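Trainee: Here is my input; please provide its structure:
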Amino acid sequence: MSFKKLLQDTLGAYLLKEWKSTEKENIVLVDETMLPEIFRIHAENFDRETQNKLQKSSKKLRKIFYVIKSRDKIAGYCTYYLKPELSFKGLKKKSVIQSFAIDNNFRGMGHGRKLLEESIKEMKLNRITSVLLYVNVINTPAIKLYEKMNFQIIKEIEEVCGKQEKCYLMELKLA
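Mentor: Modelled structure (predicted):
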């Protein structure tokens, strides 16, 4: 692990200790009982390799790992991590959406937009300067949602979203 990555992880963990949560309608923090359903939704949308990453991070990112419910069922989830960056102007706090998915049975009902909006409100409260995410270039519905929410495509990257797959790095500037 590089020194820069170690420093980012350490600062990110520190920032999480100070994290302020917001009240969200139908959106709750993940608990252990929800993980099997989250992993099922994840498996519908992503490859096995990304599921292993989600499982590993599910414990340490609990303060910023949410599900949205509809009719007492999990309609989708969103988890992100903090990526602090040191610059001449001081510490910039960025957030990276690690995984975001809506159950196939709940798509097109606005759950994804609401979950993202509420997560972004909480990020603003915690002085996050920008939100980054990766999205597969063929996932047109997700790209359209992100663009409606003012995310901009920064660049195209290979093998981040899966083996032999291309994805976009997108960013939403908050400050």
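Trainee: Which strand in the protein has the most residues?
Mentor: The longest strand of the chain (DSSP state E) is strand 73-87.
Trainee: And it, what's buried?
Mentor: Using 16 or more other C-beta atoms under 10 Å as the test for burial, strand 73-87 gives 74, 75, 76, 77, 78, 79, 80, 81, 82, 83, 84. Bear in mind the C-beta positions are built from the backbone N, C-alpha and C, glycine included.
Trainee: excluding its backbone neighbours, what's nearest the second one?
Mentor: Leaving out its chain neighbours, the residue that sits closest to residue 75 by C-beta to C-beta, 6 or more residues apart in numbering is residue 106, at 3.8 Å.
Trainee: and the one you found, how many residues sit next to it?
Mentor: Residues lying near residue 106 (other C-beta atoms under 10 Å) number 19.
Trainee: pLDDT at it, what is it?
Mentor: What the model reports as pLDDT for residue 106 is 96.
Trainee: swap in residue 99?
Mentor: For residue 99, the pLDDT comes out at 90.
Trainee: that older thread, I'd say the residue nearest to residue 75 and residue 67 touch.
Mentor: No - look at residue 106 against residue 67 with C-beta atoms under 8 Å: they stay out of range, at 11.2 Å.
Trainee: so residue 68 bridges to which residues?
Mentor: As for beta bridges, residue 68 partners with residue 27, residue 76 under DSSP bridges.
Trainee: Contacts only, for it.
Mentor: 26, 27, 74, 75, 76, 77, 78, 111, 114, 115 (C-beta atoms under 8 Å, 6 or more residues apart in numbering).
Trainee: This structure: strands as residue ranges?
Mentor: 27-29, 65-70, 73-87, 90-102, 130-136, 152-158, 166-173.
Trainee: What's opposite the spatially most central residue of the chain in the beta bridge?
Mentor: By C-alpha atoms, centre = their mean, the chain has its centre lying nearest to residue 97, at 2.3 Å. For residue 97, the beta-bridge partners are residue 80, residue 133 (DSSP bridges).
Trainee: quick revisit: can you list the strands of the chain in JSON lines and add distance to residue 39?
Mentor: Shown next, in JSON lines, are these (distance: least, C-beta to C-beta, whole Å):
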{"stretch": "strand 27-29", "distance to residue 39": "17"}
{"stretch": "strand 65-70", "distance to residue 39": "12"}
{"stretch": "strand 73-87", "distance to residue 39": "10"}
{"stretch": "strand 90-102", "distance to residue 39": "11"}
{"stretch": "strand 130-136", "distance to residue 39": "19"}
{"stretch": "strand 152-158", "distance to residue 39": "25"}
{"stretch": "strand 166-173", "distance to residue 39": "21"}
